[in-house]
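Asker: The following block contains a protein sequence and its predicted model.
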Amino acid sequence: MKLLLKNARVVDPAAGIDGAHGATILDLGGLCVCPGFIDMHVHLREPGQEWKETIATGTHAAARGGFTGVACMPNTQPPIDSRSVVEFVLAQAREHGAVPVYPIGCVSKGQAGVELAEMGDMAVAGARGFSDDGKPVASAGLMRRALEYARIFDLPVIDHCEEPTLVAGGVVHEGEISTRLGLAGWPGVAEDVMVQRDILLAEYTGGAVHIAHLSTGRAADLVRRAKQAKIRVSCEVTPHHIALTHEAVGGYDTQAKMNPPLRTESDRLALLAAIADGTVDAIATDHAPHNSDEKCVEFSRAPFGVVGLETAVSICLDRLVHAGVIGLPRLVELFTVGPASVLRLNKGALREGDDADMTVLDLERRVVVDPGAFVSKSVNTPFGGWTLRGGPVMTIVGGRIVHDARGGQRES
Ligand SMILES: [Zn+2]
């Protein structure tokens, strides 16, 4: 299919373009055309928990949210720890997906943290990285071997950084709020310890480590220094850690229960600084769908997680670009070349000959978050009713329009 876009501002930091561009057929009336956005951290729940999400519904939510590709985490049932499960995910995505899916394989068999999974087999089958996400790689010895092995395939190990004996059942950031609510605390240092361990192991092995959903100011600083020392470390931050603090949990709201937990205002400000100064490589949603019944229980028993695919871009336009934290080209980088380079994807730019994956933004659109309108199967979001400035209006994958919300107010 041939598609020509016109009357748009093209923002492609990878190609150094930010300017007017003329073409034909589709008049975009002054909208912004960017390389396709990639969400490198999504839980699609299939196989095994299809009541929460499926590859079909999750990728349609991605398309609606402006994403032209998603990397899916392997904590499914069964977990993505073998070639056959990688192949299953890719086949489902090809058949039912609205956007491409990049599977992340497990680091350890069954995510048990004991024995390495068949990483080579999974890489050959199409895995784009390795992670036991949902859980940390608690054993430093296993992490060392994972980094050494992943290096052979030039793929990253993505770590969910929590030191289990320090988290010890914590459900909310350890601080004033956890004390006031009488909930078990999950201290920031439990993340910092693992981030530093992973950096040391990346340095020692020469492997590439990617820190998932980085949430503390100290961890951001550790990554910043490691990058200055040319250690192969990258990191992502979620929209909810950008927009919220642990104050959101104040009324025992389980929609604000996530892992890692929402942290303090000083952590949040440190994350914004790390986003602005280039320490952060990607914004990733950690889209974690859960059924309403599962979230409607007492706080300590509710599952961790928040959906993010259909709100991420608006939150970031509103809270980062319109708030003056960063310019639009930097935001586009965080959603395109940033994640593409971590996952070694030949994506994220608008060069001649590349896949025509594009995300079209309306910077001024007024977006009212309406979870009832989500195409995700789950609506566990703390952002319901928020009014945000700017949002994605069209998603194009391989030259094909997979989502088009131009005209009218987008009810997110
Ligand atoms: Zn995680």
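Answerer: Okay, I see it.
Asker: Can you report how many residues lie near A138?
Answerer: A138 is flanked by 15 other residues according to other Cβ atoms under 10 Å. Bear in mind the C-beta positions are built from the backbone N, C-alpha and C, glycine included.
Asker: Also A288?
Answerer: Applying other Cβ under 10 Å, I find that A288 has 25 neighbouring residues.
Asker: Over to the one 5 residues further on?
Answerer: Other residues near D293 come to 8 when the count uses other Cβ under 10 Å.
Asker: Off-centre distance for the strand or helix carrying it?
Answerer: Using DSSP states H and E, D293 falls within helix 292-295. Put simply, helix 292-295 sits 22 Å off its chain's centre (Cα atoms, centre = their mean, to the nearest Å).
Asker: Check stretch 151-164 too.
Answerer: That offset, for stretch 151-164, works out to 15 Å (Cα atoms, centre = their mean).
Asker: which of the residues in it are buried?
Answerer: By 16 or more other Cβ atoms under 10 Å, the buried positions in stretch 151-164 come out as R151, F153, L155, P156, V157, I158, D159, H160, C161, E162, E163.
Asker: Tell me the predicted confidence for the last one.
Answerer: Note on E163: pLDDT of 97.
Asker: was I right about it contacting V193?
Answerer: Yes - judged on Cβ atoms under 8 Å, E163 makes contact with V193 at a distance of 4.6 Å.
Asker: Quick check: next helix or strand after the helix holding D293?
Answerer: Next along from helix 292-295, by DSSP H and E: helix 312-316.
Asker: and for the helix holding D293, what are the contacting residues?
Answerer: T254, Q255, K257, A302, P303, S378, V379, N380 (Cβ atoms under 8 Å, 6 or more residues apart in numbering).
Asker: hmm, which of these are the buried ones?
Answerer: T254, Q255, K257, A302, P303, S378, V379, N380.
Asker: now the first one: how far from L222?
Answerer: Here T254 is placed at a distance of 30 Å from L222 (Cβ to Cβ, to the nearest Å).
Asker: before we move on, what about the third one?
Answerer: When distances are taken as Cβ to Cβ, K257 and L222 turn out to be 25 Å apart.
Asker: same question, the fourth one
Answerer: Relative to L222, A302 is positioned 30 Å away (Cβ to Cβ).
Asker: which SS class is A91?
Answerer: In three-state terms, and counting by DSSP: H, G, I helix; E, B strand; the rest coil, A91 is helix.
Asker: got the contact list for it?
Answerer: A91 makes contact with no residue, according to Cβ under 8 Å, 6+ apart.
Asker: what do you get if the cut-off is 10 Å, keeping everything else the same?
Answerer: Going by Cβ atoms under 10 Å, 6 or more residues apart in numbering, A91 touches I55, G97.
Asker: how close does it sit to the ion?
Answerer: 25 Å (Cβ to the ion, to the nearest Å).
Asker: got it, and N346?
Answerer: 26 Å.
Asker: Assess the claim that L361 and L317 are in contact.
Answerer: Yes - using Cβ atoms under 10 Å, L361 is in contact with L317, at 7.1 Å.
Asker: anything in contact with each of the two?
Answerer: Joint contacts of L361 and L317 (Cβ under 10 Å, 6+ apart) are C32, G66, L328, L331, G390, G391, P392.
Asker: Quick check: the last one touching V33?
Answerer: So that's P392. No - contact criterion Cβ under 10 Å: P392 and V33 do not qualify, at 11.3 Å.
Asker: the more surrounded of these two?
Answerer: Higher neighbour count among P392 and V33: P392, with 30 against 24, using other Cβ under 10 Å.
Asker: Got the phi and psi for the more buried one?
Answerer: phi -80, psi 140 (degrees, to the nearest 10).
Asker: For it, which non-adjacent residue is spatially closest?
Answerer: G66 (2.6 Å; Cβ to Cβ, 6 or more residues apart in numbering).
Asker: Same question for I315.
Answerer: In space, I315 is closest to P239, 4.3 Å off (Cβ to Cβ, 6+ apart).
Asker: Same question for D253.
Answerer: Using Cβ to Cβ, 6+ apart, the closest residue to D253 is P382 (6.6 Å).
Asker: so the one you found sits in a strand?
Answerer: No - P382 is assigned coil when assessed by three-state DSSP, not a strand.
Asker: so what's it up against?
Answerer: Contacts of P382 by Cβ under 10 Å, 6+ apart are 240, 243-244, 248-249, 253-258, 262, 306, 311, 369.
Asker: Any quick PyMOL command for the buried ones out of those residues?
Answerer: Per 16+ other Cβ under 10 Å, the buried members of the contacts of P382 correspond to this PyMOL selection:
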select buried, resi 240+243+244+248+249+254+255+256+257+258+262+306+311+369
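Asker: Restricted to helices, list the contacts of P382.
Answerer: Using DSSP state H, the subset of the contacts of P382 located in helices is H240, A243.
Asker: ok, so of the contacts of P382, who is nearest the ion?
Answerer: Checking these against the ion by Cβ to the ion gives M258 as the nearest, at 9.1 Å.
Asker: just checking, G385 touches V368?
Answerer: Yes - judged on Cβ under 10 Å, G385 makes contact with V368 at a distance of 7.2 Å.
Asker: Would you mind telling me which of these two has more residues around it?
Answerer: With neighbours defined as other Cβ under 10 Å, G385 and V368 compare such that V368 has more, 15 against 10.
Asker: Name whatever forms a beta bridge with the more buried one.
Answerer: Counting by DSSP bridges, V368 is bridged to T387, E411.
Asker: interface residues of the protein facing the ion?
Answerer: For the chain, the residues in contact with the ion (Cβ under 5 Å from the ion) are D133, H160.
Asker: Just the CA trace of the helix ranked longest in the chain, in CSV.
Answerer: Identified as the longest helix of the chain according to DSSP H is helix 188-205. Output of helix 188-205 as CSV, limited to C-alpha atoms (Å, rounded to 0.1, in the frame of the first residue of the first chain):
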residue,chain,number,x,y,z
GLY,A,188,14.0,2.6,47.4
VAL,A,189,17.3,1.1,48.5
ALA,A,190,16.1,-2.4,47.5
GLU,A,191,16.1,-1.1,43.9
ASP,A,192,19.4,0.8,44.2
VAL,A,193,21.3,-2.2,45.5
MET,A,194,20.2,-4.3,42.5
VAL,A,195,20.9,-1.6,40.0
GLN,A,196,24.4,-1.2,41.3
ARG,A,197,24.9,-5.0,41.3
ASP,A,198,23.7,-5.1,37.7
ILE,A,199,26.0,-2.3,36.7
LEU,A,200,29.0,-4.0,38.2
LEU,A,201,28.2,-7.2,36.5
ALA,A,202,27.7,-5.5,33.1
GLU,A,203,31.1,-3.9,33.6
TYR,A,204,32.7,-7.2,34.5
THR,A,205,31.1,-9.3,31.7
